[in-house]
Every structure is written in C-alpha cells, then in structure tokens.
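[1] okay, sequence plus prediction incoming.
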Amino acid sequence: MTMETQLRTQVVFHLAGARADPRRQDLPLPAGLRPALLAPYRDLAALRHDFPVLLCRGEGSVAQSLSSAVDAALRAVAPAGPPGESMRKRALQVEHHVRGRVMQGAAGPLRELWEHAVAELAPAAGGATFEREVASVYAALQADGELVGCDAALPGRFVRHAWAVEQHEKARLARGRIHRLVVRLDEILRADAARSPAAHAPDRLRAGFGDAHRGLFDFAAMSRLLHHAGPYAGLAPARRARIVAALDVLRSQRFYPGPDGAPDPADWVFDDTGAALDAFLARMPAMVQLHKTLLVAELEAEGQYVEALHDPIFVAIDETSLTAADLQFFPDFLVCTNSAAGANVALLEALSAGVPIKVVVQVADLLERSAAGLGRFAFGLREAHLAQAAMSLDNVFVLQTSASNLLQMREAVQRGLRHAGPSLFAVYAPPHAVVGLPGYLRAAAAMQSRAFPAWCHDPGAGTDLAGRFSLANNPQVGEDWPVESLRYAGPDLQAITERVAFTFVDFALCDRRYDAHFAVIPRAEWGPGQIPAAQWLANPPEDAASCVPYVLAVDDAGLLCRVVVHDALMRAALRCRESWRRLQELAGIRDSRVARALARERELRSLDAAAVSEQAPAPATEPAGSPPPVASAAVEAERDPAEPYVETLRCSTCNECTLAFPKIFAYNDDKQAFIRDARAATYRQLVEAAESCQVSVIHPGQPRDPAEPGLEELIERAKPFL
Ligand code: SF4
C-alpha cells in the first residue's frame, strides 16, 4: 500500500470510525495496549507508590502510605550503611508482598497482612533471621490500622475513616463541655442543699460525722446554733427548676452516648441524601433542646442568667435559630453515595438549603455516553457540573479529586469535614469491571489527563476566589496538558527523546470499552499526515481529511506504535480542555480578563513610548567604539547570565511556578514571584518552570550541574528563555 493510500484509510477511520471499514469491525487492539507514558508502570506492584494506604488508628495523621510508614520504621531501627542492608531489603520484600496482595483485592489490618507476608516469604528468604529482622521493623512502625487499595470502595472508606476520626475529637470536646456543666450545676444544687434547714437537723448532722467522733458532739445544740447563724434564702424556685431541667437534659442527651462518646456510624452515616435529610429533620427538636440547655447551663454556671432578659430569648429559639456554627457541636451527618442524575438533584437541594451534611459522591465512570446520544462522550460532565454547581452555592466546601490523589488531599478532606456548613467530596474511583489497568493507574490517568482534575473550594480559606479556590496537586497547571519526556529506541536503535503530552485521549485509551475508537498504525506505516493528538487539539485542522491525530502507545511486548483516534474522542478531548481552562481561570491562571488588561497596558505603553520618541531630540551620534551608557552597563553588570532569574515586576501571579516548585519560587510582598533558592533547583525544574510561565518571565540561566541527566535536550529547550 502506498503512503497516500495508507493515510486515506487512516483518515476514513478517524472520521467515520470502525463502522466505515468492515475489516476493522471488532478488531481487537494488541494485548495490554496503553499510553506510552504509562509504560514504566507495567508492574505497578513492584513500584513503591502511595498505595496501599494505611487508615491510621490513634493520634497523628489520619492516613499514610505503607511505603512512608516502612521508611520511617527503617530509619528508626536499621543500622546505617551496609550493616542495615539486609534488614532494609527484607522489609521491602514484605512491603512488596503486602502491596501485591492489596492490589489483588485484599484489605484488612496491617498486622494481619504483614504476618501473612512474613509467613509466605520466610521459608525461602532466610527463616528465623528473616523473621527476626522484619519483626523489629514491624515493632518500629509508628502507625497501625486498616490497609486499603485504590479501588472503587476507597472514597467511601477513606472519607468515612476521616469522619470517624473527626467525630472522636468532636465527642471528646462535647463531652468535656457537658461534663463541666453537669459538675458545676450539681455543685450549685448541693451547696444550696447544704445550707437548707433540713441539712441542719440533728439527725442529718450526726449522719455527716464518722462513728469515731459522734460521741464527742451535741448535735441538737449544733443544729440550734446553725439554725440561728443567719436567714436561709435558698435558690429561687424558678432557678432551681431551670438547673434541675438542664441537668436532666445534659445527663440524658443521646448525641454523644457511651463511655468514649463517639457517635455510632449506624446512626449518622447514610447511603442516600434523602434518608440523611429525614434523620436531620427528625433530630432537629432534640438538637434545639440541647443547644438551648447548653446556653442556659452556661449562664447559670456563671450566675449570669437574668430572667427578664433571657427568658424571652430562650422561648424564641427554635429550629430556624441554629446557625452552622451552632450545629457544629453535634455529630456530622455523612452521606456516601454514587453519582446519579436524580440523586444529584436531591443533593444540590440539600446543599443549597445549608443542611450541614458531609457528602462523598463516588464517581465510577467518566466516559459514559452523553444522554443526548449522537456517539458523544459526556466525560464526567454530570459530576463536573455537580461539583461546580455546589461551589456556586453559599458556604459549601467542595473537593474534587481522583482516588489516587486522596492521600495527598487528606488535609483538605479533614478541612472539609471540619467546615461549618455542608461539604461535598466528589471522588473518581474506577470499578474493576471496566479496567484495562490497575485502579490506581486509571485514577491517576484521569487526573493527569484533565478528565477529572483535582480542585478544592474552601469557603473558610479566604474571602475571595483567589483565597478559596485551588488547583493544587494537578501536574503543570499552567498547561492544557502535562508534558513528559519519553525515551525510546529509534529504527536504528538510537535513543530518541520526545516531549509527549498526556491528553484526555490517552485516558480513554486506558479503557478497553473504547477500543473501537482507536486503530493501530504499526511502525512501518508511520508517515506524513499523522500528527500528535496534542498538536491536533492545539490547532484542529480546517480540512479534517488532511491529517489524522494519534497517540503513542505500547503493547504488552513493549512495542511502540501510533494509534489513530476517532473524531468523536477528539471532540470530547476539546470539551475536556475547555472545561480545564475554565478551572484555570477560576484559579487565576490564564485569566482572560488579566490577559486583556495586560495587552491593553502594553499597547498604551508602546503608544506612550512612540509619542516620547517622536518629541525627543535626535540623540547625538556616539563616536565609534564608545562605551554603552553607564546606567545600562550597570544593569548588565548586576546580572550574571548564568544565574536563573524572574522578571518579578512582570509576574502575573498565576501561581504556576510557586505551586509546582515551592522550594524554588516564592511570592514577595506584592505577590509577585522571585527565585527564593536557586540551589534547590535542578536545571530541568527551571526549564519546566520557564516553559509553563504564561508571561515568559522566568529565565533558567545556565545549568549548574554538568552531570545532570538530559542536559543537552534541556539546554535546547531553555534557549527561548535566555
Ligand atoms: S513567574 Fe510566571 S509562572 Fe510564576 S507566578 Fe509569575 S506569571 Fe506565574
């Protein structure tokens, strides 16, 4: 087949899909085909990464990765250098075994999985010595709890665990407050009883003395004496009734029962919003009663209750009076649910009503077809709309992330659970049923490809969007798609390094349900007219038949190929990019208003400069060889061309470099970036920062370390910024 015929066939596939080519009907893609950038993760169990995650019991972090727990234990017990080598190796063997089991679906207490791994490995790995060494590593583990993998159940488990930790702390504080009030009110009643005439009767006085001393006193005389000591006014009946009633309510409250007071998940965790709302409304009268009682008790404990002032206020307090801050005293209602059209409507209603529920929505599928049909992909629009609609409501905390990133977002999860108001956690976790890759990789690919970016809207973090909204944790937030270097062997086995973007289309290639939207171009058929998908997306061709977009992929045998992409997926990728750009704008990146203002400012400056140069007298001609003006020479002398620098005054405060490389870049008092520590930077980081700066004000200088890998390529990339 000629090149032209091949391209024509590929164009037909790109535009019309498999249906147009009967030879391609149901043609399977090569086994294990995946985006080329994911090739290094073929054996994920062998790589130390964030999973499995340990849901920690006790004090300290709510969760941590098994790897970090093992590292900390090894630092504590393994001797430095060669003497500790065998202990390190053996502990990592156990960790690897545990990770493998969790990836196959096991979950449970760390102790159980660790012991199982030791039992399996010990016979072949050194018997008693092995067991002794790994036992001392286990003993040094500072964390304990359940180990969980990155699977479909993770979002619910993770948030529920963090919720339980928060409720424990809440219960501790609430019970402390209740206990202090009960003791104080009890003291008031007992002191009053001790001063009453009944307490001074001879029999009561006699009963208050021990047997050994009873014979020494005349209790009748003592009673007469005490009786004449002064008039007894006692507690006013209304005050006594208030205190007794308050004690009754405080002692019988059911929100924090039991010895440790932790609320029972069976009463507070729901799987649909409607049931949580019903429970909230049903418990509201008891909440109002306890809330009022706490206030009354505090006033009485301090002797500050004034009937004329406080009685009408407490009569007026009802269900509408409780603010979000008041409701924070009570356990939180937690809803763990899946996303579904009807459920989302009910959920938004509950959030907009300000009901302080915490909701985790588990998103299982981002590539569902749109309800409108026409072969269009909705790519998580429903969930994106849900999260973004929730953000527009008053005082709602919203966190969107993929399951692979949950551990990194644990502090944000805790902030959301502590938020005084409703919170929504939308988490993408792919089910096993539709995977072509491990859950962790698919979830990470969703975030990497912008199909499901991570973002957080925290109303408590500031008064404006700049303070509240964050895109932290997404790779290369200033770009449409993150770009990585891919090294592979060329036709003559020479090493080739290519910059490859990871796009929405790469994410779709991870899902075997969409194989029909891809067609492999074997290496022998690579040729003109095939362009990388990112290039196509940056500038879709006017003549759709002039070229075909492809992504680079590898199969199980490690063979590299190009994969032509069906037009429907490319259109979905364009919509995905637009959605990502909207998020960028919310985060102040590529802000179209700022860009327009900058352009206007530049235009005005150039007009001013032109006007000045027209009015200025022509400069005297310098004699040949004369030195440059002193001022500009001084500026040049100040700057070493080898040193990296930022044109701080031109920084548009997009957060890109400061978020991506916080050790290298920081903001000054005017919130404009400068290099805080050039020595903390590799040349690669400086070049990547320069490439991602939208206003091109980062200059990477020259490499400091001549041994840094890939320097030749980096120097080439740095040229436009020198
Ligand atoms: S230097 Fe560039 S990348 Fe960094 S904050 Fe300023 S504009 Fe953004």
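    All right, it came through fine.
[2] how near is the residue most central in space within the chain to the ligand?
    The centre of the chain sits closest to Met409, judged by C-alpha atoms, centre = their mean, with a distance of 2.8 Å. As judged by C-beta to the nearest ligand atom, to the nearest Å, Met409 and the ligand stand 23 Å apart. Any C-beta I mention is one placed from the backbone N, CA and C, and that applies to glycine too.
[3] cool, Leu189 as well?
    Distance from Leu189 to the ligand, counting by C-beta to the nearest ligand atom: 64 Å.
[4] how about that residue: what's its closest non-neighbour residue?
    Nearest non-adjacent residue to Leu189, counting by C-beta to C-beta, 6 or more residues apart in numbering: Ile243, 6.2 Å away.
[5] list the residues that contact that neighbour.
    185, 188-189, 235, 297, 300 (C-beta atoms under 8 Å, 6 or more residues apart in numbering).
[6] can you tell me how far the closest residue to the ligand within the stretch 451-600 of the chain sits from Tyr683?
    Residue nearest to the ligand within the stretch 451-600 of the chain: Gly478 (6.3 Å; C-beta to the nearest ligand atom). Counting by C-beta to C-beta, to the nearest Å, the separation of Gly478 from Tyr683 is 19 Å.
[7] so for these two, which sits in the more crowded spot?
    Between Gly478 and Tyr683, counted using other C-beta atoms under 10 Å, Tyr683 has the larger neighbour count: 23 against 20.
[8] so for that one, what's the pLDDT?
    Looking at Tyr683, its pLDDT reads 92.
[9] and it, what does it touch?
    Tyr683 neighbours (C-beta under 8 Å, 6+ apart): 700, 703-705, 708, 711, 714, 718.
[10] go with 7 Å
    700, 703-704, 708, 711, 714 (C-beta atoms under 7 Å, 6 or more residues apart in numbering).
[11] quick revisit: now the residue of the stretch 451-600 of the chain closest to the ligand: which helix or strand?
    Assigned by DSSP states H and E, Gly478 belongs to no helix or strand.
[12] can you list contacts of the helix or strand hosting Asp71?
    If you go by DSSP H and E, Asp71 is part of helix 66-77. The contact list for helix 66-77, computed with C-beta under 7 Å, 6+ apart, reads 48, 52, 54, 88, 91, 95, 98-99, 136-137, 140-143, 147.
[13] ranges for the strands of the stretch 351-500 of the chain?
    In the stretch 351-500 of the chain, the strands defined using DSSP state E, counting those that start in this stretch lie at 357-363, 397-402, 423-428, 455-457, 469-470, 483-489, 495-501.
[14] could the ones you listed go into TSV alongside distance to Leu121 and mean pLDDT?
    Listed next are the strands of the stretch 351-500 of the chain as TSV, based on distance: least, C-beta to C-beta, whole Å; pLDDT from 0 to 100:
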stretch	distance to Leu121	mean pLDDT
strand 357-363	35	92
strand 397-402	32	95
strand 423-428	34	94
strand 455-457	41	95
strand 469-470	43	93
strand 483-489	34	89
strand 495-501	37	90
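[15] now distance to Ala153 and mean neighbour count too, for those strands, in TSV please.
    As requested, the strands of the stretch 351-500 of the chain are exported to TSV (distance: least, C-beta to C-beta, whole Å; neighbours: other C-beta atoms under 10 Å):
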stretch	distance to Ala153	mean neighbour count
strand 357-363	8	25
strand 397-402	15	27
strand 423-428	11	27
strand 455-457	23	23
strand 469-470	27	20
strand 483-489	30	14
strand 495-501	32	14
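[16] longest helix in this structure, by residue count?
    helix 154-195 (DSSP state H).
[17] how big is the angle separating that one from strand 357-363?
    170 degrees (axes from the mean of the first three to the mean of the last three C-alpha atoms, to 10 degrees).
[18] flag every residue of the stretch 601-722 of the chain that's near the ligand.
    Contacts of the stretch 601-722 of the chain with the ligand, taken as C-beta under 6 Å from any ligand atom, map to 646, 651-658, 665, 673, 693-695, 697-698.
[19] do that again at 8 Å, thanks
    With C-beta under 8 Å from any ligand atom as the criterion, the stretch 601-722 of the chain meets the ligand at residues 646-648, 650-658, 665, 667, 672-673, 689, 692-698.
[20] take those and keep only those in strands.
    646, 665, 667, 673, 698 (DSSP state E).
[21] now the fourth one. Nearest residue, chain neighbours left out?
    In this structure, Ala673 finds its nearest non-sequential neighbour in Cys651, 4.5 Å apart by C-beta to C-beta, 6+ apart.
[22] count of neighbours near that neighbour?
    With neighbours defined by other C-beta under 10 Å, the count for Cys651 comes to 22.
[23] quick check, it in contact with Val697.
    Yes: Cys651 is within contact range of Val697, at 5.7 Å (criterion: C-beta atoms under 7 Å).
[24] residues from the protein in reach of the ligand?
    478, 589, 646-648, 650-658, 665, 667, 672-673, 689, 692-698.
[25] filter those down to the buried ones.
    Buried subset of the residues of the chain next to the ligand (neighbour count, 16 or more other C-beta atoms under 10 Å): 478, 589, 646, 651-658, 665, 667, 672-673, 689, 692-694, 697-698.
[26] centre of the chain versus stretch 659-673, how much separation?
    Centre-to-centre, stretch 659-673 and its host chain are 21 Å apart (C-alpha atoms, centre = their mean, to the nearest Å).
[27] in it, what counts as buried?
    For stretch 659-673, burial by neighbour count (16+ other C-beta under 10 Å) applies to 659-661, 664-665, 667, 672-673.
[28] what is the nearest of these to the ligand?
    Looking across the buried residues of stretch 659-673 and measuring by C-beta to the nearest ligand atom, the closest to the ligand is Ala673, at 3.8 Å.
[29] ok, now which ones touch that closest one?
    Ala673 makes contacts with 646, 648, 651, 657-658, 665, 667, as judged by C-beta under 7 Å, 6+ apart.
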